[in-house]
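S.K.: Sequence first, then the predicted structure:
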Amino acid sequence: MGLYHCAPRHAAHTYANPLYPMKTPVGMLLSRKGSVIHSVAPSASVADAVRVMNEHKVGSLVVMENDGVVGMFTERDVLTRIVAAGRNPQTTNVHEVMTAKVITISPATTVEQVMDIFATKRCRHLPVISDQKVLGLISIGDVSRWLVDSHRAEAEHLRKYISGGLTN
């Protein structure tokens, strides 16, 4: 089991600026969405993990042991490693089918860097870790919402400016 921590490439340029939403640190996204982490122990059955995902209406769980990340368990794992493989979710433990090589990010990692990780590593969920503590989880949906909100705000600002509604 391994964790791959991706630190920001240009930490000095990770600031929240409405003109540069791609440079926004994910810590800001976490502060908006909250830091609730849905997790499961590696010894939990897949059936129990699926119940937790359904109960919280989430597509992934952080697999944690002794307050540390040891894996990720997702809907895709259920489909490919349980259903397609014909395994019994009642008797299969999460540690047998989870993704053990987890990529983690720091709160200073930018939206742009996260999008690059999502594209190149083909993952959809990234635990955010600082000082070996899990602060939250950023998903591809969180990033998409952030970008849509940023673009919507920029369009509204430009509309007001063009119509004379803004004074500088």
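M.R.: Yep, it's here. Residues are numbered from 1 along each chain as shown.

S.K.: Just give the nearest non-adjacent residue to Phe118, would you?
M.R.: Ile140 (5.3 Å; Cβ to Cβ, 6 or more residues apart in numbering). In this view, the C-beta of every residue, glycine as well, is placed from N, C-alpha and C.

S.K.: Relative to Ser60, how far out is that neighbour?
M.R.: Counting by Cβ to Cβ, to the nearest Å, the separation of Ile140 from Ser60 is 11 Å.

S.K.: Mutual contacts of those two, please.
M.R.: When contacts are counted by Cβ atoms under 8 Å, 6 or more residues apart in numbering, the set common to Ile140 and Ser60 consists of Arg124, His125.

S.K.: In contact with Asp48, which residues?
M.R.: Contacts for Asp48 were tallied using Cβ under 8 Å, 6+ apart; they are Val40.

S.K.: mean confidence for stretch 35-55?
M.R.: For stretch 35-55, the mean per-residue pLDDT is 96.

S.K.: mind listing what's buried in the helix or strand that contains Val52?
M.R.: Taking DSSP states H and E as the criterion, Val52 maps to helix 46-56. For helix 46-56, the neighbour count (16 or more other Cβ atoms under 10 Å) marks Val46, Asp48, Ala49, Val50, Met53 as buried.

S.K.: Show me what counts as buried in the helix or strand encompassing Arg32.
M.R.: Taking DSSP H and E as the criterion, Arg32 maps to helix 26-33. Neighbour-count burial for helix 26-33 flags Val26, Gly27, Met28, Leu29, Leu30, Lys33 (criterion: 16+ other Cβ under 10 Å).

S.K.: related to what we said a few turns ago, more crowded one of Ile140 and Ser60?
M.R.: Taking Ile140 and Ser60 together and counting by other Cβ atoms under 10 Å, Ser60 has the greater number of neighbours (21 against 16).

S.K.: Any idea what the more buried one is bridged to?
M.R.: Thr74 (DSSP bridges).

S.K.: right, and it touches Met72 too?
M.R.: Yes. Between Ser60 and Met72 there is a contact at 5.9 Å, judged by Cβ atoms under 8 Å.

S.K.: what sits in contact with each of these two?
M.R.: His125.

S.K.: Show me which helix runs longest in this protein.
M.R.: If you go by DSSP state H, the chain has its longest helix at helix 140-162.
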